[in-house]
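1. can you look at this prediction? I've put the sequence above it.
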Amino acid sequence: MSTKNLTINGQAVVAQENQSILEVALANDIHIPRLCYDPRVSATGSCRLCVVEVEGENGLQTSCTRLAEEGMKVETETPTIRASRKMTLEFFLSEHDARCTSCDSDGDCLLQDYSYEYGADLGHFGSLVPEESGPVYTGGNRGIIYDPAKCVRCQLCVKICSEVAMVDALALKGRALDVRISTAFDLPLNETTCELCGLCVSACPTAALWESAAVGKGRAKDLEKVRTTCTYCGVGCQIDLNVNTKTNRIVRVTSEAGSVVNDGNTCVKGRFGAQFVSSPDRLTTPLIRENGEFREASWEEALKVAGEGLAKARDDHGPEGIAFLSSCRCTNEENFLMQKIARTAGQTNNIDQCATTCHAPTVAGLATAFGSGAMTNSIDEIKDVETLFIIGSNPTEAHPIIGYEMKKALRKGAKMIVCDPRKTWVAKRADIHIQQAHGSDNLLINAMMRHLLDIELYDKEFVAERVENFEAFVENLKGFDIEAAAEGCGVSADDIRAAAEMYAKGTPSAIFYTLGITEHTCGTENVMNLANLAMLTGHIGKRSSGVNPLRGQNNVQGGCDMGAIHSVFPGYQKVADEAVREKFGSAWGVEIPTNRGGRITDFVEKAGEGVLKGLYAFGEDPVRSEPNQTKVIENLKKLDFIVVQEIFMTETAKLADVVLPATCFAEKDGTFTNSERRVQRVRKAVDAPGLARPDWQILCDVSTAMGYPMSYESPSEIFDEMASLTPSYGGMSYERIDDVGLQWPCPSDDHPGTEFLHQGQFTRGKGLMNPITFRPPDEVPDGDYPLVLSTGRTLYHYNIGNMTRGSEVINQKEAESFVEVNPKDAERLGIRHGDRVRVTTRRGSVVVLARVADRTRPGAVWMPFHFAETSTNLLTNDAFDNITRTAEYKCCACKVELAEELEPALGD
Amino acid sequence: MSQRQEVAVSTAQNAESLDLSPAMGIVEEMSPVTSGDIIPLLQRIQDAYGYLPPEAVLSVCEETGLPASKVFGVATFYSQFGMEPKGKHTVRCCKGTACHVRGGNRVLDTVEKTLGIRDGETTKDMRFTQETVACLGACALAPVMVMDNTYYGKMTPRRTELLLKEILKEES
């Protein structure tokens, strides 16, 4: 890349290749006004405010579209330029309803700023403000509101919708003075491809686009912006909660372009999912069960009862009689404390969190193969991947901001292979879409590797130097029949071969996977086999090249890192290691228990067997999230004593003896660790409702009540203790992570953090190749239950839905559950789009809406799991991964039948 | 099913009478259709239907993968495209300077009075759509009126009335 030297206002500056004059100026703190420029989209050059003079050229140049050149002499503030800008602003004002006095954006509006700066006369050209001309496309939308009278027609909303989100919902309608923003054929916004990401709002330089619910709730200049980490999904977007301190309400959620991880982009959950914080359904006071009913209690009383009850379970039944369920929705500090309490006050290794529900096979599988279980690359590296290999993952819905990075790569010309039984957004745009049968992943991966061995298209040097057990791996694939495997997958063998070659040849190639890989009875084996594929081709340990599990919950990486796992302490230091036990034991002044401990799925089972007696759970709702819900409830009811620390009255909380009202992410300080191992700050923005307290304080109090006194001044102090005991976090502190966080491993105070893992050497030394043979799913279709049921997430909801379903914006878009049925099956079953159908498995039955679409494989249906009233986990199979006890949510056998006549008629 | 598909399906269900085969035939003939083909694509659809039926355009977008928003933007930018059904016949009266000074207004008034519609409107029986144009480039024949694709020069209110009545009579 060649740089260019030029001068701006006499100041010597250096431009990068393909940098515009405007970008160079901004990079050098030279102010140039602009309304139609956003660093996230291509230059438009339509607002005419960024004009500059270039020596030797006639007239004014738009600096956003003009590339910097060697030797250029640029002036940005001559009288001619200023006069031109002033007149341009006056043209804008003639079409703009400049009632700043009643505008929500007052104080945060570029048009207002520039008009003041240039002394633009509001009335110079008279008023051509568009009059009310009928309904606009956002009419009735609870998320976004468009006001044509405030629109400056900069097109940024249309461009960002098309270029960054690649959703193409917005249109520039009409011409000249009549130009409006609309949708295709003026359809209501929610009936278009719009995903309510709100990027249009984020790009709007005025208040023409605004959040409907924020109107009148506080002007921009009165709102306090609190930078924090989003509480939805593992991407870890940096968002600004805009708080009206007078009302203690979050008015809007914004994000700043340039922010690390998300570059100012959000998804619908991040932007419109904060309403739950101020929900009237929040728990506001401690509750104690008395004669079968809850009654309100003081903190003092509730803590005493909780402490005594848990201590009794511990004392009467020993380490197997008590269990602690930590939460990946909560902070690192709180997860650290929960596992500390389990091992100190609780004297047990029965500690787990929801990774068992999702990515435990990742932690186990990648730790076995590479030595550490996490995304090996950074999110920022995705845009430079040449061949994306996406398997069992729906990034544009489940991890939308990572989806945007993949879209960036696609726009740069990346190839994409998608292996997914569903036709997702990425599948539809893939160069090769392999729509493999559910649970056939190891047939597919083995076939790919067999082919690469056959044609010797693998990285022999890498294999020789960096891995061990290669011979056993090859031996395992000896005589493996690609054609038979393809038949088992239900796809063409040629596609498998082509995919293998495309992946192997990419420089760089990277694997991305999610729960389609892990939530199987062979989940850990699936993960290890993907690791095999990466090692075989040498696509690991490089920039933009590696194995990347996209973590689900906001802090599931952190929850695991903090040692809320039965077998490991923080930083994956093994409990089985006596020296490690010694280290933690002496730091905490106790003897560390040596019982093996179990996972959440074990807790449920042991409760059913009468072995487990007491449970302390916070921030998780196993009744809703674990498979075979009926059995989960049955088993948990057998427990003697349950303490639930929650923000809502969840289904699990309803079974509790003591309920402790906790705080959500917006009400406390702490840290989350995102999917790319980046530890980022969570900051308090609003006060907790009623008597609710920060979880870390409650945890300390419960521990103290159990007889192990614990107290900290602040989350920062907890973090420091954790860092002192956790080598991979050893160099981190609140001070160091304040700005953009740090990625582990970061072992010392001067370590810059680690962008990508396994460069030159794997964490465990050499990579371990594991021979994997295919095992079919636990439950396959038969005559009674002829269809495969798979479950997953939609774009609009999160987890068990108790946070996102509190959002009116989201509910307007997706209010109820559904089942996706292939048109071929639908025809055979006599089901039409929009019918109510009953989905039944051996474990339960629910009635939901049918969405008939060519999205699932014929013979397969798909359901989201976000909806309490039609809980999908009544249906799922409690069959578990043989290593991590993660349930096979991704396939079980079901039947679907029309239920229309079973439903009572609505209305009269 | 994508949302766009759903929209297309529901819109199509609302207008079950619309025959999509001409639109699909055009797509097939022009395939592969890229964003550079939007204008000729819309012109051909308009030729086939007389206007741009939203259901046809949405279905074409679904088939070709062209964003409906972009296609709509193009369709609303150019005045040649219309999204309302047009009458069997289109009457265009010239409002250019030459026609104006030679009594073009009176020709227009006659059309409006005879058919009972104003600029851009269509008769209820879907027989006539009336439009005005800025200049037809046939100023020597002013005032000019175009019936479908036939030019009529030196029009008077009486000749206008005669022409319209003749068509009405022929078709009754």
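-> Done, it's in.
2. ranking helices and strands of chain B by mean pLDDT, which lands last?
-> Between all helices and strands in chain B, the lowest mean by mean pLDDT, DSSP states H and E belongs to helix B:3-14, at a mean of 43.
3. what lies in contact with the helix or strand that that helix is followed by?
-> Going down the chain from helix B:3-14, the next helix or strand is helix B:21-30, by DSSP states H and E. Contacts to helix B:21-30, defined as C-beta atoms under 8 Å, 6 or more residues apart in numbering or on different chains, come from residues B:33, B:37, B:40-41, B:44-45, B:48-49, B:56-57, B:59-60, B:63-64. Every residue, glycine included, has its C-beta placed from N, CA and C.
4. which among those end up buried?
-> By neighbour count, with 16 or more other C-beta atoms under 10 Å in any protein chain shown, the contacts of helix B:21-30 hold B:33, B:37, B:41, B:44-45, B:48-49, B:56-57, B:59-60, B:63-64 as buried.
5. tell me how far B:Leu115 lies from A:Pro148.
-> Relative to A:Pro148, B:Leu115 is positioned 34 Å away (C-beta to C-beta, to the nearest Å).
6. in chain B, mark out all the helices, start to finish.
-> Ranges of helices within chain B are B:3-14, B:21-30, B:38-49, B:54-64, B:68-77, B:97-101, B:104-115, B:157-171, based on DSSP state H.
7. isn't A:Lys668 up against A:Trp696?
-> Yes - applying C-beta atoms under 8 Å, one finds A:Lys668 in contact with A:Trp696, separated by 7.3 Å.
8. domain parsing for chain B?
-> If you go by automatic domain parsing, the domain ranges for chain B are B:3-77, B:89-171.
9. pick the most buried one from those.
-> domain B:3-77 (a mean of 18; mean count of other C-beta atoms under 10 Å in any protein chain shown).
10. leaving out sequence neighbours, find the closest residue to the residue nearest the centre of chain A.
-> Centroid-nearest residue in chain A: A:Cys233, 2.5 Å away (criterion: C-alpha atoms, centre = their mean). Leaving aside its sequence neighbours, A:Cys233 sits nearest to A:His399 (C-beta to C-beta, 6 or more residues apart in numbering or on different chains; 5.7 Å).
11. what sits against the one you found?
-> Shown in contact with A:His399 (C-beta under 8 Å, 6+ apart): A:Cys233, A:Gly234, A:Val235, A:Ser393, A:Thr514, A:Leu550, A:Ser675.
12. what about those, which are in helices?
-> Using DSSP H, no member of these falls within helices.
13. now the residues you listed as CSV including distance to B:Val71?
-> Shown next, in CSV, are the contacts of A:His399 (distance: C-beta to C-beta, whole Å):
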residue, distance to B:Val71
A:Cys233, 33
A:Gly234, 37
A:Val235, 33
A:Ser393, 31
A:Thr514, 34
A:Leu550, 34
A:Ser675, 37
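14. so which of these comes closest to A:Lys631?
-> Checking those against A:Lys631 by C-beta to C-beta gives A:Thr514 as the nearest, at 26.1 Å.
15. tell me the phi and psi of the closest one?
-> Backbone torsions of A:Thr514, given as degrees, to the nearest 10, read phi -140, psi -140.
16. swap in A:Phe618?
-> phi -140, psi 140.
17. surely it and A:Ile642 touch.
-> No - counting by C-beta under 8 Å, A:Phe618 stays clear of A:Ile642, with 11.4 Å between them.
18. and the closest residue to A:Ile8 other than its chain neighbours, what does it touch?
-> Spatially, and ignoring its direct neighbours in sequence, A:Ile8 is nearest to A:Val74 (4.6 Å; C-beta to C-beta, 6+ apart). By C-beta under 8 Å, 6+ apart, the contact list for A:Val74 reads A:Leu6, A:Thr7, A:Ile8, A:Asn9, A:Ile21, A:Ala25, A:Val52, A:Glu53, A:Val54, A:Glu55, A:Ser63.
19. nearest to chain B among these?
-> Of all the contacts of A:Val74, chain B sits closest to A:Ser63, with 26.4 Å by C-beta to the nearest C-beta.
20. quick one: contacts for the closest one?
-> Listed by C-beta under 8 Å, 6+ apart, the contact partners of A:Ser63 are A:Ser20, A:Ile21, A:Leu22, A:Ala25, A:Ile32, A:Cys50, A:Val51, A:Val52, A:Val74, A:Thr76.
21. quick one: A:Met338 and B:Arg92, what's the gap?
-> A:Met338 sits 78 Å away from B:Arg92, going by C-beta to C-beta.
22. sorry, back to before: worst mean pLDDT among the domains of chain B?
-> Looking at the domains of chain B, the lowest mean pLDDT belongs to domain B:3-77 (a mean of 84).
23. distance between that one and the chain's centre?
-> The chain centre lies 16 Å from the centre of domain B:3-77; the measure is C-alpha atoms, centre = their mean, to the nearest Å.
24. next: stretch A:622-641.
-> That offset, for stretch A:622-641, works out to 27 Å (C-alpha atoms, centre = their mean).
25. pull up the distance across it, start to finish.
-> One end of stretch A:622-641 sits 16 Å from the other (C-alpha to C-alpha, to the nearest Å).
26. what comes up buried for it?
-> Buried residues in stretch A:622-641, counted by 16+ other C-beta under 10 Å: A:622-629, A:631-633, A:635-636, A:639-641.
27. possible to save the buried ones among the contacts of helix B:21-30 as TSV with distance to A:Ser372?
-> Output for those, formatted as TSV (distance: C-beta to C-beta, whole Å):
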residue	distance to A:Ser372
B:Val33	49
B:Asp37	51
B:Leu41	53
B:Arg44	59
B:Ile45	57
B:Ala48	62
B:Tyr49	62
B:Ala56	56
B:Val57	52
B:Ser59	51
B:Val60	51
B:Glu63	47
B:Thr64	46
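28. restrict those to those near chain A?
-> Filtering the buried ones among the contacts of helix B:21-30 for neighbours of chain A using C-beta under 8 Å from any C-beta of the partner chain leaves B:Val57.
29. what is the nearest of the buried ones among the contacts of helix B:21-30 to A:Gln436?
-> Within the buried ones among the contacts of helix B:21-30, the smallest distance to A:Gln436 is 27.1 Å, found for B:Glu63 (C-beta to C-beta).
30. and the gap between the nearest residue to the closest one once chain neighbours are set aside and chain A?
-> Excluding its sequence neighbours, the residue lying closest to B:Glu63 (C-beta to C-beta, 6+ apart) is B:Val27, at 5.2 Å. Here the criterion is C-beta to the nearest C-beta, to the nearest Å. By it, B:Val27 lies 17 Å from chain A.
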